[in-house]
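[1] can you look at this prediction? I've put the sequence above it.
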Amino acid sequence: MINEQDRIIVSEERRNTESAPNNNLLHSPTGVEPSPEVLCQPDTGIDRPLEKRCYTVEDLQTILSCSRETIYALLATHEFRWFRLGGQRGPYRISRRSFDEWLDSCTKYA
């Protein structure tokens, strides 16, 4: 059974939580609420999101501004490291470091 004292405590707690600032903002150096991806990552003690270690085919399409077929042809050349999740039919994952090194080593045209 809820008595009058319990009702007062509950109403005070509700008032405090409604008027309190978003706790996520207290940990953000910019005062901007972090994205859901950042909130779901493990706490590393560092105030920055974890970087992806692998690219997807879609990521490479965006980076290189080219078609899916071009990316598959590029993967067939084995210029950088990649693997497939779940065996021969799984989606490709491309090593970020290997791809970035390959991209940096490409001849640049003026």
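    Arrived safely, thanks for sending.

[2] can we go C-alpha only for contacts and neighbour counts from here?
    Will do.

[3] residues contacting A73?
    Listed by C-alpha atoms under 8 Å, 6 or more residues apart in numbering, the contact set of A73 is empty.

[4] for this protein, just list every one of the strands.
    54-55, 82-84, 92-95 (DSSP state E).

[5] need the winner for burial among these.
    For these, the largest average neighbour count (mean count of other C-alpha atoms under 10 Å) is found in strand 92-95, namely a mean of 19.

[6] direction included, what does that strand pair against?
    strand 54-55 (antiparallel), strand 82-84 (antiparallel) (DSSP bridges).

[7] closest one to L75 among the strands of the chain?
    Closest of the strands of the chain to L75 is strand 82-84, at 7.7 Å (criterion: C-alpha to C-alpha).

[8] quick one: average pLDDT of that closest one?
    Averaged across strand 82-84, pLDDT comes to 91.

[9] what lies in contact with it?
    L75, G90, P91, Y92, R93, I94, S95.

[10] next: stretch 52-71.
    P91, Y92, R93, I94, S95, R96, R97.

[11] let's see 7 Å
    Stretch 52-71 has contacts (C-alpha atoms under 7 Å, 6 or more residues apart in numbering) with Y92, R93, I94, S95, R96.

[12] OK, contacts around the nearest residue to R84 once chain neighbours are set aside?
    Distances taken as C-alpha to C-alpha, 6 or more residues apart in numbering put Y92 closest to R84, at 4.5 Å, once the chain neighbours are dropped. Shown in contact with Y92 (C-alpha under 7 Å, 6+ apart): T56, V57, W82, F83, R84, L85.

[13] for Y92, give its distance to S105.
    22 Å (C-alpha to C-alpha, to the nearest Å).

[14] care to break the protein down by domain?
    Taking automatic domain parsing as the criterion, the chain consists of the domains 4-39, 54-105.
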